[in-house]
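In: Quick one, fold the following:
(chains A and B)
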There are 2 protein chains.
Amino acid sequence: MRKILAIDAGGTSTRAVVLDLAGRCFGYGRAGSGNPTASGVDGAVTELGKAAERAVAADQSTTDHESAAIIALAGSASPLLIERLSKRFAGLGFGGEPVIEPDLLGTYFSGTFESDGYALIAGTGTVAGRITGGRLALARGGTGWLLGDGGSGYWIGHQVMRAVVASLDGLGPDTTLTGLVLDSLRIGTELGSVRGRPHSLVTLMEETYALRPIGLARFAPLAFAASEDEVARGILTSAAGSLAQLLAATRDPAVNGPVVLGGSVLAAGMRVAPSIFAAPLTAAAGGAELIAVPDGVVGAAILGLRRAGVVIDSELFSRLQRGVSELRPALTAEGSVAG
Amino acid sequence: MRKILAIDAGGTSTRAVVLDLAGRCFGYGRAGSGNPTASGVDGAVTELGKAAERAVAADQSTTDHESAAIIALAGSASPLLIERLSKRFAGLGFGGEPVIEPDLLGTYFSGTFESDGYALIAGTGTVAGRITGGRLALARGGTGWLLGDGGSGYWIGHQVMRAVVASLDGLGPDTTLTGLVLDSLRIGTELGSVRGRPHSLVTLMEETYALRPIGLARFAPLAFAASEDEVARGILTSAAGSLAQLLAATRDPAVNGPVVLGGSVLAAGMRVAPSIFAAPLTAAAGGAELIAVPDGVVGAAILGLRRAGVVIDSELFSRLQRGVSELRPALTAEGSVAG
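Out: All right, here's what the predicted structure looks like:
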């Protein structure tokens, strides 16, 4: 039986599924960041390997004869990564070089099997693309935490921390974010100062500068938790505007089709703060249908099937979506922001 | 003859002067970043030592009997830094533990000898303070590139790079900053793309992510060079607004006195782009006199003299300012942004 190992490698977590050419799903596995930019080659190989191993271990069906691996990944895969993954996957029964596809296509085909449309991802980072004829015709964004990624989990977390520091430093308004951030870092609010600064501000600065900058994405969920607070609402409104602008920049009036939304920020935005996110994204989508997906693993499976020569129809697509959602752990575990 | 070694340690450069208790200046020296936060303890000791050695070497006067060193420094000095500086300066004839004073006081007393007033520094970072009775009564800002420092050299350079990346990525307006940034990194503008992105954008991203983030301060001068460009002007206007807000947050209606402006961004702002910087800062100063100083070395000397029991009067202050400016190399070498 010919099988496919399909993987969606994100900045925070990785999901793998084993399926056959009929779209039946046999095993599902999850692990940490499989993104080489976020985790380095070693870390990515470890986590991609773990997710794959778990999916293969969960597969109770007969042994494979022929098999192939496909990975939907942000950014580019180095020859070193591909070589090391080939070895790792060969040990799991999936020989040959794994195929790397853009994460935008994994996300897109997790929401639709139409060949023309758009995908917008906002997780730790952001990226958007136009899909024509089933291929990525144009990508915008994806320029990273320092140079771009407006509206991403990093961007929101960074703005949260800047707002809290400004407030503690007497430069910005009071916000409920301050208590949430200090609690999350277990920093007390005792009075007293160090060299003229509040004790809590000094400790907050020390702890934050000890993180890698990209680690600030962990504070993004606090903006959603405090979305009634004026400062938090301002941050989310600005994020939604940036994401809408990114999506709009990929639009071509001649290309109509669904807009698939992926990544933890968009999942939280559409679920927790639809009053902030829905209107600008709907406007940017030019009236097209918005489809939010929890991750890109169904799309990775579609890409694997297409590459094996399988024609995707509505029935196969539905079977895949159902199969993955039956194997996937409850959404709560997947639904955290910047995941 | 009793002598003082007075040093102003900045994020980009360090300045040292040797003087006697009458305020006569005998030697001046300059070196790289003496800030332990920017350069680490090793780097700071090296550069502070170099600047001191050069000032001592330039001193043609008679040998000292008693002497002391004082350093105006952003942030705090660790016991390790003080111990290593003690050894280094003892070798130059300045025994005892060097005294560390806030950079805000070095800047303030470089512009005035009045005991009440305000100082605002915008170099690589930003900080502002209220001075009463010759001491720092309140400090605001100084929270670093990631968490604060709006309007700093880092902040301006970062916004320049984000604007250029947005423009190259089709997400922001055209700007003359693009050509200036690409030229400064010797990146060609040949056509062609890498995985759907312009070649120049891909190269720019690679080169920028290879820098330490704080290194983005080096692009701040390009905003001043392009201050007629709408995007650059927007960045500078926003920077001036943040700096005015920082200064305003230190104001106490009961404390009147001059406002001393230090750091490369304010020097460039008041000289190159006064139409952007002067109005908001004048408003934030509440009508007080604005005094721009090229660095904090005169103030470090004042702090050293005060500690030796010398009372500072107008004549002594003028002699010091004259003495330092005669020894200091031409302003052009000092006047670059983020210096």
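
In: A:V310: what's it in contact with?
Out: A:21, A:23, A:316 (C-beta atoms under 8 Å, 6 or more residues apart in numbering or on different chains). (Each C-beta comes from the backbone N, C-alpha and C, glycine too.)

In: so it is in which element?
Out: Using DSSP states H and E, A:V310 sits within no helix or strand.

In: From chain B, how far out is it?
Out: With the distance defined as C-beta to the nearest C-beta, to the nearest Å, A:V310 ends up 26 Å from chain B.

In: What of A:A58?
Out: Distance, A:A58 to chain B, using C-beta to the nearest C-beta: 34 Å.

In: repeat for A:L290
Out: From A:L290 to chain B the distance is 20 Å (C-beta to the nearest C-beta).

In: ranges for the helices of chain A?
Out: Using DSSP state H, the helices of chain A run over residues A:36-58, A:79-90, A:103-111, A:144-147, A:153-168, A:177-184, A:199-209, A:220-225, A:230-248, A:264-272, A:274-284, A:297-307, A:314-327, A:331-334.

In: any idea which of these is most buried?
Out: Mean neighbour counts were compared across these using mean count of other C-beta atoms under 10 Å in any protein chain shown; the top stretch is helix A:103-111, at a mean of 29.

In: now that helix against helix A:314-327, angle please.
Out: 100 degrees (axes from the mean of the first three to the mean of the last three C-alpha atoms, to 10 degrees).

In: what is the rounded mean pLDDT of helix A:103-111?
Out: Across helix A:103-111, the average pLDDT comes to 96.

In: Run through the neighbouring helices and strands of that helix.
Out: Helices and strands touching helix A:103-111, by 3 or more C-beta pairs under 8 Å, 6 or more residues apart in numbering or on different chains; DSSP states H and E, are strand A:3-9, strand A:67-73, strand A:117-122, strand A:126-132, strand A:135-141, strand A:259-262, helix A:297-307.

In: and if we set it to 7 Å?
Out: strand A:67-73, strand A:117-122, strand A:126-132, strand A:135-141, strand A:259-262, helix A:297-307 (3 or more C-beta pairs under 7 Å, 6 or more residues apart in numbering or on different chains; DSSP states H and E).

In: And the contacts of it?
Out: A:8, A:72-74, A:117, A:119, A:121, A:127, A:129, A:131, A:136, A:139, A:258, A:260, A:262, A:291, A:293, A:295-300, A:302-303 (C-beta atoms under 7 Å, 6 or more residues apart in numbering or on different chains).

In: Go ahead and measure how far that helix is from the middle of the chain.
Out: 11 Å (C-alpha atoms, centre = their mean, to the nearest Å).

In: cool, stretch A:185-196 as well?
Out: On C-alpha atoms, centre = their mean, the centre of stretch A:185-196 falls 35 Å from that of its chain.

In: What residues sit buried inside it?
Out: Of the residues in stretch A:185-196, A:I187 count as buried by neighbour count, 16 or more other C-beta atoms under 10 Å in any protein chain shown.

In: Please work out which residues outside it touch it.
Out: Outside stretch A:185-196, the residues that reach it (C-beta under 7 Å, 6+ apart) are A:182, A:199-200, A:202-204, A:207, B:76, B:138-139.

In: Now for A:L236: which residues touch it?
Out: A:223, A:227, A:273, A:276.

In: swap that for A:R251, sorry
Out: A:G286.

In: Give me the lowest-pLDDT entry from the contacts of stretch A:185-196.
Out: Within the set of those, pLDDT is lowest for B:S76 (76).

In: Go ahead and flag the most central residue of chain A.
Out: A:G263 (3.5 Å; C-alpha atoms, centre = their mean).

In: Against A:L120, how distant is A:V160?
Out: From A:V160 over to A:L120 the distance is 22 Å, taken as C-beta to C-beta, to the nearest Å.

In: ok, now A:G299?
Out: From A:G299 to A:L120 the distance is 14 Å (C-beta to C-beta).

In: Of all the residues in the stretch 151-300 of chain A, which one is nearest chain B?
Out: A:V165 (4.4 Å; C-beta to the nearest C-beta).

In: how about the residues of chain A near chain B?
Out: A:76, A:138-141, A:143-144, A:146-148, A:161-162, A:165-166, A:169-171, A:195-196, A:205, A:208-209, A:213, A:245-246, A:249 (C-beta under 7 Å from any C-beta of the partner chain).

In: Who are the contact partners of A:G32?
Out: Per C-beta under 7 Å, 6+ apart, neighbours of A:G32: A:13-14, A:47.

In: what do you get for A:A283?
Out: A:A244.

In: Need the pLDDT of it.
Out: So, for A:A283, pLDDT stands at 95.

In: circling back: correct me if wrong: the residue nearest to the centre of chain A contacts A:A122.
Out: Yes. Counting by C-beta atoms under 7 Å, A:G263 touches A:A122, with 4.5 Å between them.

In: Count the neighbours of the residue lying closest to A:S86 once chain neighbours are set aside for me.
Out: Distances taken as C-beta to C-beta, 6 or more residues apart in numbering or on different chains put A:E97 closest to A:S86, at 5.4 Å, once the chain neighbours are dropped. Look at A:E97: counted by other C-beta atoms under 10 Å in any protein chain shown, it has 13 neighbours.

In: ok, A:E97 touching A:L85?
Out: No. A:E97 is beyond contact range of A:L85, at 8.3 Å (criterion: C-beta under 7 Å).

In: And the closest residue to A:I187 other than its chain neighbours, how far from A:P221?
Out: Closest residue to A:I187 apart from its sequence neighbours, by C-beta to C-beta, 6+ apart: A:T203 at 5.0 Å. Noted for A:T203: a distance of 21 Å to A:P221, by C-beta to C-beta.

In: now A:R186: how far from A:S200?
Out: A:R186 is 11 Å from A:S200, where distance means C-beta to C-beta.

In: just A:R84 next, same as before
Out: 44 Å.

In: Run through the stretch 151-300 of chain A and note the low-pLDDT ranges.
Out: Scanning the stretch 151-300 of chain A with the threshold set as pLDDT under 70 gives A:191, A:195.

In: picking that back up, now for the helices of chain A, which one comes closest to B:A232?
Out: helix A:144-147 (17.1 Å; C-beta to C-beta).

In: Am I right that A:A74 is in contact with A:N35?
Out: Yes. At 5.8 Å, A:A74 counts as touching A:N35 under the criterion of C-beta under 7 Å.

In: which of the helices and strands packed on helix A:103-111 is buried the deepest?
Out: strand A:117-122 (a mean of 30).

In: what's that strand packed up against?
Out: By 3+ C-beta pairs under 7 Å, 6+ apart, strand A:117-122 packs against helix A:103-111, strand A:126-132, helix A:230-248, strand A:259-262, helix A:264-272.

In: one more time with 6 Å, if that's ok
Out: Applying 3 or more C-beta pairs under 6 Å, 6 or more residues apart in numbering or on different chains; DSSP states H and E, we find strand A:117-122 packed against helix A:103-111, strand A:126-132, strand A:259-262.
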